[in-house]
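*Asks:* Following is a predicted model, sequence given first.
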Amino acid sequence: MSTDISEKGLESLIVRHMTGTDGLAVAPNAVAEPPAPYGGTGYFAGSPKDFDRAHALDVAQLFAFLRATQPEAFKKLAMADANDTKDINRLKFLTRLSAEVGKRGAIDVLRKGIEHHPAGHFDLFYGTPSEGNAKAAALHAQNRFSITRQLAYSVDETPPRAGPGPVHQRPAHRHLRAEEQPDQADRGRRGGAVPARPQPARAAVRVRPLRGALRGGRRRGAHVHLS
């Protein structure tokens, strides 16, 4: 059996080690159950379609965490449909969370949570519990760590550039051969009074494309989500 040494094969190896699955068939809007004890290291496999590109959040994983740990506060968000991307209360909450991450940084938001009127305070991570604290241990166990295979994270929906070839090119460099230079010997004989004999132009034109041309029209990358 041959080993897949492609980029896709490496991704499969990493995701399978962390989740117990290759992460290729994760259904959207259906948060995975905890990995089987015989595989993975505690990570969930995420779906690329659950990633909200406008707010840079895996919404399915986020809402699963909030429902499990803070059900009453989550209900106060008053979302008619948590899966509806146009739900106004859903948009308000995600915008608030995204803004806090942008202002304070992800680490501070995870440590201290956020305030969102009128629902109140939301915790987004539970630290290591002290010994014998059963309630804290139960909450800590609800932390969600997920990894998602390559996804489109740019909000730009421009289709991929058609046709092969590089996206950018450097300006052409024109190198003149000796035949294009004025005939110095002939100019000397004529004393410069008569123009030099015209020579056929033989320009060597070289175009050097930039290396590392972009692949496709939208930026892509792997995504790891911590809740």
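*Replies:* Noted; the coordinates are in hand. Numbers count the residues shown, from 1 in each chain.
*Asks:* Give the residue spans of the protein that score low on pLDDT.
*Replies:* Under the criterion pLDDT under 70, the flagged ranges of the chain are 1, 30-40, 157-227.
*Asks:* Do a quick rundown of the strands in the chain.
*Replies:* 44-45, 51-52, 57-58, 114-116, 120-122, 145-152, 173-175, 204-206, 220-226 (DSSP state E).
*Asks:* what lines up beside the longest one in the sheet?
*Replies:* Note on strand 145-152: by DSSP bridges, its sheet partners are strand 44-45 (parallel), strand 220-226 (antiparallel).
*Asks:* Can you point out the buried residues in that strand?
*Replies:* Neighbour-count burial for strand 145-152 flags 146-149, 151-152 (criterion: 16 or more other CB atoms under 10 Å). From N, CA and C alone the C-beta is placed, and that goes for glycine too.
*Asks:* so what's Ala56 up against?
*Replies:* Shown in contact with Ala56 (CB atoms under 8 Å, 6 or more residues apart in numbering): 98, 101, 153.
*Asks:* Would you format the buried residues of strand 145-152 as CSV with distance to Lys112 included?
*Replies:* CSV is the format used below for the buried residues of strand 145-152 (distance: CB to CB, whole Å):
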residue, distance to Lys112
Ser146, 22
Ile147, 25
Thr148, 26
Arg149, 31
Leu151, 28
Ala152, 31
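*Asks:* And the furthest pair within the residues you listed?
*Replies:* Pairwise distances across those peak at 17.2 Å for Ser146 and Ala152 (criterion: CB to CB).
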